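>>> got a sequence here, can you build the structure:
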Amino acid sequence: MNTPAVSRSPARHSQIDAVIAAVVVAIQVTASVAVTTLHAGDPYFDGALAGYLLLAAGGAALFWRRRYPVAVLTTTLVLALFANALGAKVSYLALIVAFFTAVLTGHRRAAIISLVIGYLFSVVPGLVPHGNPGPSLAFALGLFAWLAVLFCAAELVRARNQRAVEQAQAREEELERKAMAERLAIARDLHDIVAHNISIINVQANTALHLMDRQPERARQALTAIHEVSRQALTELRSVLGVLRPGEATDPPRAPGPGIDQLEDLATRARSAGLQVHLTRQGEPVLLTAEVSLAAYRIVQEALTNAARHAPGCTATVQITYAGGTLTIEVDNDAPVPATVAARPAAARPPERDPGTGSGIAGMAERAQALGGTLQTARRPAGGFGVLATLPIEAGH
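Below you'll find the model as predicted:
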C-alpha cells in the first residue's frame, strides 16, 4: 500500500527515469572514451563506435526499468557484455542500476542470475573475446567480493524500503482505527442524546395531550418540560456535531459538558417523564477523568431512558459508589409484572419487551469496555430491570 508521503504520479516517475537514463548514458560513454584515450595503442582498450552505441542503448533502456525490471536487467546485461567485448570497458553502470531495480521490485532470482552470468563472463577465459588475457586469482576474488557487497547493499535498501512501507501501512491502519473509534463514539453519543430526550419528550407530549382540556396547568408544565428537554438536547447535539466540523468556528459551551456532576439534572428530567428517581452516592468522591465522567453519565442516561420507555411510571434507583479505585454505577427499576400476567403460567405469558437487546445496552457495554470496565444487565424475577457497571477511576489518564 502506497502512502501519499512516498507515492509519486506516473508522469513524475517517467521524468525521474528519463533523467537517470540520460545521466547513465553520459557517464558510461564519456568514461569509456576517456579510458580508451588514456590507453591508446592497447588493443584491450581499443574502444569501437559500436561499443559506445551499445553503452548508450543500455543506459537508454533504464527509462523502462520500473515497468519491465527483468527485461531491462537482461538487456543491460547483454549490452554491457558485448560493449565490453568491443573495447568499451566502463560498461556496467547501467547494469548496476537495473540490478538494484530488480532487487527492489522483488525479482531477486533474476538479479542473482545476472550476477552469476556477469561473474562467469568476467573470470572464465575465452568467454569474452577482444584480447582478454584472462583474470588473475586476485581479480576473481576481488570481483566476487564486490558483487557480494553489491547484492548485500541492494538487499539492505530493499529491506529498508519494505520496512518504511510497513510502517506507513501501520500508521494508516492506526489512523483508520482511531477514526472508526471516533465515529463509534459519536454514534453512541448521538444515540444516547436522541433516545433519552425523545423518550422524555414523547412522554410529556402524551401527558399534555391528555390533560390539555381537564388540567391545563399540568399540560403547561409538560410543554415547559418539553421545551427544556429539547433545548438541552440541541445543546448536546451541537457539542457532538461540532467535532465533525473542526475547521468551523463554534460558540463556546454555555454549560458544563455531560458528566457525573450533572446526574442530578438528568434525574430531574427523568422525573418530569414520570419516573420516580432516587439518586444516592457512597464513598469519598474523587476527581474523575473526562472519559470516565462522561461514560458514567451516558450509562445512567441510557438506563433511565430504557426505564422510561419500557416501564413508565416505575421507581428507578441510581447508586454511585467510589471504592478501591473503582466507580460502580447501579441503576435498578421496580417495574412490577402485571397481576393478570403474573397469574398465568410462564409458558402462557406474552413475550416481554426486553430492554437489554437494543443498541442502547450495547452502547453502554462498549463504553465500559473501552475504559477497561464491565457492564452487566439482568431482568428481576419479580419485575424490573437492573444495570451494573464498574469503571476504573484512573481510566483515560
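>>> tell me where the stretch 1-150 of the chain has helices.
With helices called from DSSP state H, counting those that start in this stretch, the stretch 1-150 of the chain shows them at 10-38, 49-60, 69-85, 93-104, 108-123, 137-211.
>>> what's the third one packed up against?
Contacts defined by 3 or more CB pairs under 8 Å, 6 or more residues apart in numbering; DSSP states H and E place helix 69-85 against helix 49-60, helix 93-104, helix 108-123. To be clear about C-beta, it is placed using only N, CA and C from the backbone, and glycine gets the same treatment.
>>> just say which of those helices is most tucked in.
Ranked by mean neighbour count, these are led by helix 93-104 with a mean of 23 (mean count of other CB atoms under 10 Å).
>>> mind checking how far that helix is from the chain centre?
35 Å (CA atoms, centre = their mean, to the nearest Å).
>>> for that helix, the averaged confidence score.
The average pLDDT within helix 93-104 is 89.
>>> got the angle between it and helix 137-211?
40 degrees (axes from the mean of the first three to the mean of the last three CA atoms, to 10 degrees).
>>> which parts of the protein belong to which domain?
What automatic domain parsing lists as the domains of the chain is 10-135, 257-397.
>>> worst-scoring helix or strand of the protein, pLDDT-wise?
helix 339-342 (a mean of 38; mean pLDDT, DSSP states H and E).
>>> so which elements touch the next helix or strand after it?
Heading C-terminal from helix 339-342, the first helix or strand you meet, by DSSP states H and E, is helix 359-370. Applying 3+ CB pairs under 8 Å, 6+ apart, one finds that helix 359-370 contacts helix 137-211, helix 290-310, strand 374-379, strand 385-392.
>>> separation between Gly363 and Asp192?
Between Gly363 and Asp192 the computed distance is 7 Å (CB to CB, to the nearest Å).
>>> which residues are in contact with each of these two?
Both Gly363 and Asp192 are contacted by 298, 302, under the criterion CB atoms under 8 Å, 6 or more residues apart in numbering.
>>> on that earlier part again, tell me the most buried of the helices and strands packed on helix 359-370?
Greatest average neighbour count among the helices and strands packed on helix 359-370 goes to helix 290-310 (a mean of 24), per mean count of other CB under 10 Å.
>>> ok, back up a step: mean pLDDT lowest where, among the helices and strands packed on helix 359-370?
The weakest mean pLDDT among those belongs to helix 137-211, with a mean of 83.
>>> C-terminal to it, what's the next element?
Following helix 137-211 in sequence, per DSSP H and E, is helix 216-241.
>>> the inter-axis angle of that next one versus helix 137-211?
Relative orientation of helix 216-241 versus helix 137-211 (the same axes, to 10 degrees): 170 degrees.
>>> so what does helix 216-241 touch, helix or strand wise?
helix 137-211, helix 263-272.
>>> quick one: mean pLDDT for that helix?
Mean pLDDT, computed over helix 216-241, is 77.
>>> quick one on the thing from earlier: turn the helices and strands packed on helix 216-241 into CSV, including distance to Leu77.
Below are the helices and strands packed on helix 216-241 laid out as CSV (distance: least, CB to CB, whole Å):
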stretch, distance to Leu77
helix 137-211, 13
helix 263-272, 77
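>>> could you count how many residues lie near the residue nearest to Leu190 when sequence neighbours are not counted?
Leaving aside its chain neighbours, Leu190 sits nearest to Val240 (6.1 Å; criterion: CB to CB, 6 or more residues apart in numbering). By other CB atoms under 10 Å, the residues close to Val240 number 18.
>>> about what we covered before: looking at the helices and strands packed on helix 216-241, which is closest to Ala31?
Of all the helices and strands packed on helix 216-241, it is helix 137-211 that lies closest to Ala31, at 17.3 Å by CB to CB.
>>> make CSV from the domains of the chain and add distance to Arg171 to it.
Formatted as CSV, those follow (distance: least, CB to CB, whole Å):
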stretch, distance to Arg171
domain 10-135, 21
domain 257-397, 22
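>>> what about Val240, distance to Ile198?
If you go by CB to CB, the gap between Val240 and Ile198 works out to 15 Å.
>>> ok, Gly118 next?
As judged by CB to CB, Gly118 and Ile198 stand 77 Å apart.
>>> what do you get for Ser122?
The gap separating Ser122 from Ile198 is 83 Å, by CB to CB.
>>> next one, pLDDT for the closest residue to Ala225 other than its chain neighbours please.
Excluding the flanking residues, the one nearest Ala225 by CB to CB, 6+ apart is Ser272, at 4.2 Å. Looking at Ser272, its pLDDT stands at 75.
>>> Leu223 is in contact with Ser272, correct?
No: Ser272 is not in contact with Leu223 according to CB atoms under 8 Å; the separation is 11.2 Å.
>>> list residues touching both of those two?
Gln204.
>>> of the two, give the one with the bigger neighbour count.
Using other CB under 10 Å, the more surrounded residue of Ser272 and Leu223 is Ser272, with 19 against 15.
>>> how close does that one sit to His227?
Ser272 is 11 Å from His227, by CB to CB.
>>> could you count how many residues lie near Val78?
14.
>>> could you do Arg220 as well?
Neighbours around Arg220, by other CB under 10 Å: 13.
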